[in-house]
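Participant: Here is my input, please return the structure:
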Amino acid sequence: VQLQASGGGLVQPGGSLVLSCTASGVSLESYAIGWFRQAPGKEREGVSCIDQRGVKNYYTESVKGRFTIFREDDKNTIYLRMNSLNTGDTGVYFCGSRSQFCSSWETDFTSWGQGTQVTVSS
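Facilitator: Sure, this is the predicted structure:
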């Protein structure tokens, strides 16, 4: 599965962004999709994950209530809506896929997109 992540950019604290993860040539309906981020000098961390049905989703504690993950299978796209952004959200955001249920572990995902930069700064 070849994934493409997009939608990153520079935003002020308190601002919003919507990231997109899509694939060409393959349907993402049968995959759980996870969003991970990597800040400079830090390890990649799981941010959110959506399962195949969009029912059992996962959010890391620091983004609960601010981020929403959802999927539009007719567009073959998974989104991550990010509100109330703060400087701690800065990093490169990656989307990954796995054929089983959601996971917060990077090693559970088998395919990755190239990443999109999110910078939160005044």
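
Participant: lowest average confidence, helix or strand, in the protein?
Facilitator: Within the chain, no helix or strand scores below strand 111-112, which has a mean of 90 by mean pLDDT, DSSP states H and E.

Participant: quick one: buried residues of the next helix or strand after it?
Facilitator: Sequence order places strand 116-120 as the next helix or strand after strand 111-112, per DSSP states H and E. Burial within strand 116-120, assessed by neighbour count using 16 or more other C-beta atoms under 10 Å, is assigned to T116, V118, V120. Placement of C-beta: from N, CA and C, glycine included.

Participant: Next one: the second one from L85, what distance?
Facilitator: The reference is to V118. The spacing between V118 and L85, counted by C-beta to C-beta, to the nearest Å, is 8 Å.

Participant: and if you look at the last one?
Facilitator: From V120 over to L85 the distance is 5 Å, taken as C-beta to C-beta.

Participant: Could you tell me which residues touch both of these two?
Facilitator: Common neighbours of V120 and L85, counting by C-beta atoms under 8 Å, 6 or more residues apart in numbering, are V11, P13, G15.

Participant: Can you flag the buried ones in these?
Facilitator: Among the shared contacts of V120 and L85, those buried by neighbour count (16+ other C-beta under 10 Å) are V11.

Participant: overlap in contacts of V118 and L85?
Facilitator: The contact sets of V118 and L85 overlap at V11, L17 (C-beta under 8 Å, 6+ apart).
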